[in-house]
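Undergrad: My questions are about this predicted structure, shown below with the sequence.
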2 protein chains.
Amino acid sequence: MPNPTAAMLVIGDEILSGRTRDANMHYLAGQLTEIGIDLKEVRVVSDDRDAIVAAVKALSVRYADVFTSGGIGPTHDDITADCIAAAFGAHIDVRDDARALLQAHYDRSGQELNEARLRMARIPDGADLIDNPVSTAPGFSLGNVHVMAGVPSVFKAMVASVLPKLTGGAPLLSRTLRLMKGEGDIAGPLGQFAQDFPDLSVGSYPFQKDGVYGSNVVVRGSDAAALDTAMAALEATFAA
Amino acid sequence: MPNPTAAMLVIGDEILSGRTRDANMHYLAGQLTEIGIDLKEVRVVSDDRDAIVAAVKALSVRYADVFTSGGIGPTHDDITADCIAAAFGAHIDVRDDARALLQAHYDRSGQELNEARLRMARIPDGADLIDNPVSTAPGFSLGNVHVMAGVPSVFKAMVASVLPKLTGGAPLLSRTLRLMKGEGDIAGPLGQFAQDFPDLSVGSYPFQKDGVYGSNVVVRGSDAAALDTAMAALEATFAA
């Protein structure tokens, strides 16, 4: 059975302007691979209502799960929650359960739960809250879309809250053969190898070290025995 | 006049599996901002023909320019050039001008221009070659799509070859005000500030330093005088 599929939607002008380098995509990709969910597509869009709604609609019908990062803080440009609600036609307002979490948090820290902070309690009807052990303001899951913060430490904590609830497939295993040959020298036999093992995915990633070209050949699959067989064949091919 | 728009398409299973962390998106974003082209969307897709063709079609009709990275090497999974040709309905085969570049390169280095390497001379009819001063194998521009390598050093060199040919708008200037206040404390006045200066883009990016919450408020626009006026107003707002 093929693995479940997923997509990610990164929301934020700061990524697209080059001001901030996104870290969440790489983190989520690694986490999903570990539990056997195939990340098939990532989109990055700006803090623009139409762009966010259109991307959520397109991705949520195409993939089993969608993960978003960014745009759920207290400021005027944090519009993700309202956009997700719009994409699903759900009603959204400050919700009592989220407000109670924030109230307790700001009571503890002696800060005011002002109007801006209360925006972080805007949760669509029907959504399940995602726990935020770092800074309390929750994310949420609505339908198959999991809405999380952009701040990397909070994003990671929310991913840890969400992933155990999802059913992954077989974890993807990978084996690497490091060759001190350029891609152009290995591409012929490597193409043949990929044809010989159609159930495995075969990639080649060039590098340069001390002026010499090399390639890491990465073979991926979920069957450890099949991978062992393939790697033995691969080593024999290039040992010649 | 609004700035020209652009999108980027990153092609590669290695990014989506979490094996490799993409570096090209952040680099291109910064370069485009400098010359006044607005990067509006990025997509990352796997080495899959249908996914690549669909993304190229969607992005090339929506944005003035599209930049791709990845999938133009010599191995069996390098299918980008053929996918771009398919998206535009263009014929593709080994082209004499690209072959001549590769032949001269491999003659110099005493390596064989074998069948795999010759794949890198597959260029669609009507495309302009993009110079690759790092490793010779060219990228190409077809219509408004600029096809470049995924290896970061080569990607950067190709970006440097392409950007001077594009007409940018007014470079986007940005000013930052660093406040040692959390977003929840500044969001109210900041929303008012954003309304007062509708021609500028106002973003707020939280950070934590030594356990204290702070926010970088970034104001962006192409008119330096307008930015100066706005920053003075912003400083006055938070000096109180």
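TA: Nice, thanks for sending it over.
Undergrad: So which elements touch the helix or strand in which A:Leu28 is found?
TA: Per DSSP states H and E, A:Leu28 falls inside helix A:24-34. If you count contacts as 3 or more C-beta pairs under 8 Å, 6 or more residues apart in numbering or on different chains; DSSP states H and E, helix A:24-34 packs onto strand A:5-11, strand A:38-45, strand A:65-69, helix A:152-162, helix B:13-16. No exception for glycine: its C-beta is placed from N, CA and C like everyone else's.
Undergrad: how about the strands of chain A, start to end?
TA: Per DSSP state E, chain A carries strands over the ranges A:5-11, A:38-45, A:65-69, A:92-94, A:122-124, A:128-130, A:139-142, A:145-148, A:173-179, A:201-209, A:212-221.
Undergrad: Now mean pLDDT too, for these, in JSON lines please.
TA: What follows is these, written out as JSON lines (pLDDT from 0 to 100):
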{"stretch": "strand A:5-11", "mean pLDDT": "97"}
{"stretch": "strand A:38-45", "mean pLDDT": "97"}
{"stretch": "strand A:65-69", "mean pLDDT": "98"}
{"stretch": "strand A:92-94", "mean pLDDT": "97"}
{"stretch": "strand A:122-124", "mean pLDDT": "98"}
{"stretch": "strand A:128-130", "mean pLDDT": "96"}
{"stretch": "strand A:139-142", "mean pLDDT": "98"}
{"stretch": "strand A:145-148", "mean pLDDT": "98"}
{"stretch": "strand A:173-179", "mean pLDDT": "89"}
{"stretch": "strand A:201-209", "mean pLDDT": "81"}
{"stretch": "strand A:212-221", "mean pLDDT": "86"}
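Undergrad: what's the most buried one of these?
TA: strand A:65-69 (a mean of 28; mean count of other C-beta atoms under 10 Å in any protein chain shown).
Undergrad: Just the CA trace of that one, in CSV.
TA: Taking Å, rounded to 0.1, in the frame of the first residue of the first chain, the C-alpha atoms of strand A:65-69 are listed here in CSV:
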residue,chain,number,x,y,z
ASP,A,65,-2.8,16.0,5.3
VAL,A,66,-1.7,19.6,5.0
PHE,A,67,0.6,21.4,7.5
THR,A,68,0.8,25.1,7.6
SER,A,69,3.4,27.3,9.4
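Undergrad: List the neighbouring strands of that strand plus their orientation.
TA: Applying DSSP bridges, strand A:65-69 is found paired with strand A:5-11 (parallel), strand A:145-148 (parallel).
Undergrad: contacting residues around the spatially most central residue of chain A?
TA: By C-alpha atoms, centre = their mean, chain A has its centre lying nearest to A:Leu28, at 3.6 Å. The contact partners of A:Leu28, taken as C-beta atoms under 8 Å, 6 or more residues apart in numbering or on different chains, are A:8, A:39, A:67, A:69, A:155, A:159, B:18.
Undergrad: pull the helix or strand with minimum mean pLDDT from chain A.
TA: strand A:201-209 (a mean of 81; mean pLDDT, DSSP states H and E).
Undergrad: Quick one: list the elements packing against that one.
TA: Strand A:201-209 packs on helix A:183-196, strand A:212-221, helix B:13-16, going by 3+ C-beta pairs under 8 Å, 6+ apart.
Undergrad: now do 6 Å
TA: helix A:183-196, strand A:212-221 (3 or more C-beta pairs under 6 Å, 6 or more residues apart in numbering or on different chains; DSSP states H and E).
Undergrad: between that strand and helix A:183-196, how many degrees?
TA: Angular relation of strand A:201-209 and helix A:183-196 on a 0 to 180 degree scale: 160 degrees, by axes from the mean of the first three to the mean of the last three C-alpha atoms, to 10 degrees.
Undergrad: Direction included, what does strand A:201-209 pair against?
TA: Assessed with DSSP bridges, strand A:201-209 is paired to strand A:212-221 (antiparallel).
Undergrad: what's next to the partner strand, contact-wise?
TA: A:172, A:174-180, A:182-183, A:186, A:200-207, A:227, A:230 (C-beta atoms under 6 Å, 6 or more residues apart in numbering or on different chains).
Undergrad: try 8 Å this time
TA: A:172-183, A:186, A:190, A:197, A:199-208, A:227, A:230-231, A:234, B:14, B:17, B:19.
Undergrad: what's the answer for stretch A:161-173, then?
TA: Here stretch A:161-173 makes contact (C-beta under 8 Å, 6+ apart) with A:1-4, A:31-38, A:65, A:67, A:130-133, A:139, A:141, A:146, A:148, A:220-224, A:227, B:17.
Undergrad: Out of the strands of chain A, which gets nearest to B:Ala87?
TA: strand A:38-45 (16.6 Å; C-beta to C-beta).
Undergrad: Give me the contact status of the closest one with chain B.
TA: Yes - using C-beta under 8 Å from any C-beta of the partner chain, strand A:38-45 reaches chain B at A:38-45.
Undergrad: Can you check what angle separates that strand from strand A:65-69?
TA: Angle, strand A:38-45 to strand A:65-69, by the same axes, to 10 degrees: 40 degrees.
Undergrad: Mind giving me the packing neighbours of the longest helix seen in chain A?
TA: Ranked by number of residues, the top helix in chain A under DSSP state H is helix A:224-239. Secondary-structure packing of helix A:224-239 (3+ C-beta pairs under 8 Å, 6+ apart): strand A:173-179, helix A:183-196, strand A:212-221.
Undergrad: State the mean pLDDT of that helix.
TA: In this model, helix A:224-239 has a mean pLDDT of 94.
Undergrad: which of the residues in it are buried?
TA: For helix A:224-239, the buried set under the neighbour-count rule, 16 or more other C-beta atoms under 10 Å in any protein chain shown, comprises A:227, A:230-231, A:234, A:237-238.
Undergrad: what's in contact with it?
TA: Under C-beta under 8 Å, 6+ apart, the answer for helix A:224-239 is A:173, A:175, A:177, A:179, A:181, A:186, A:189, A:193, A:196-197, A:199-200, A:217, A:219, A:221.
Undergrad: Tell me how far it lies from the chain's centre.
TA: From the chain centre to the centre of helix A:224-239 is a distance of 31 Å (C-alpha atoms, centre = their mean, to the nearest Å).
Undergrad: how big is the angle separating it from strand A:173-179?
TA: Helix A:224-239 runs at 10 degrees relative to strand A:173-179, counting by the same axes, to 10 degrees.
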